[in-house]
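# Got a sequence here, can you model it:
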Amino acid sequence: MSTQLHDEFALRVFGPVVVVVWRGAVTADAVTAVERVLEGTAARSTQPIAFVTIAQFKAPVPDAAVRERIVECYARLGPKLGCVAQVVEGDGFWACAARCFIAGIGMLSTRERPMAVFGDVAAALEFTVKSLGAHVDRGTIVDGLGELRCPAG
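Model (predicted):
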């Protein structure tokens, strides 16, 4: 298991599943670091990988240039990226609006893989297991999230 802890994000690889917890703004530098891990994980894996992103608190939506970089990364990974699960935590207006915004962007883009937006990690991991069709140890991922989260999360 590979772990990276940064101010803006924390990341851990759980076999074929790459989990990123966004702790703040999604910057170009952060996306570069995440791209390297996604591409390295995909290159080493004999099966498609999953990407699970978790937005804590009120993490701002990435700007257009950063969103374009993310789309380009997904395109480069092609069929090696089996699914993307995006979690926006929270119950208030901001969380609901963010989930709707992300889902709307997803509906407008060409999808080569299953992608979905969730309000909680458990539902995202269930989607990931179904999408990959492979064994994903949900318990290990949930246990490992504690280290990735901001203390207030």
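
# wait, His6 sits on Ala33?
Yes - the criterion here is Cβ atoms under 8 Å, and His6 meets it with Ala33 at 7.3 Å. To be clear about C-beta, it is placed using only N, CA and C from the backbone, and glycine gets the same treatment.

# which residues touch Ala124?
Taking Cβ atoms under 8 Å, 6 or more residues apart in numbering, we find Ala124 in contact with 52, 54, 85-87, 116, 118.

# can you check Ala55 too?
By Cβ under 8 Å, 6+ apart, the residues touching Ala55 are 22, 86-89, 98.

# all helices of this protein, in order?
Assigned by DSSP state H, the helices in the chain fall at 28-44, 64-77, 93-108, 121-132, 138-148.

# Which of the helices and strands in the chain ranks last by mean pLDDT?
helix 93-108 (a mean of 63; mean pLDDT, DSSP states H and E).

# From the centroid of this protein, which residue is nearest?
The structure's the chain has its C-alpha centroid closest to Thr53; by Cα atoms, centre = their mean the separation is 2.2 Å.

# how much space between that one and Gly24?
Thr53 sits 13 Å away from Gly24, going by Cβ to Cβ, to the nearest Å.

# go on, Ala33?
14 Å.

# joint contacts of those two?
Phe9.

# Poorly predicted segments of the chain, please.
1, 57-59, 94-97, 99-111, 134, 151-153 (pLDDT under 70).

# What count of nearby residues applies to the closest residue to Arg138 other than its chain neighbours?
Sequence neighbours aside, Leu125 is the residue nearest to Arg138 in space, at 4.7 Å (criterion: Cβ to Cβ, 6 or more residues apart in numbering). Counted with other Cβ atoms under 10 Å, the neighbours of Leu125 add up to 23.
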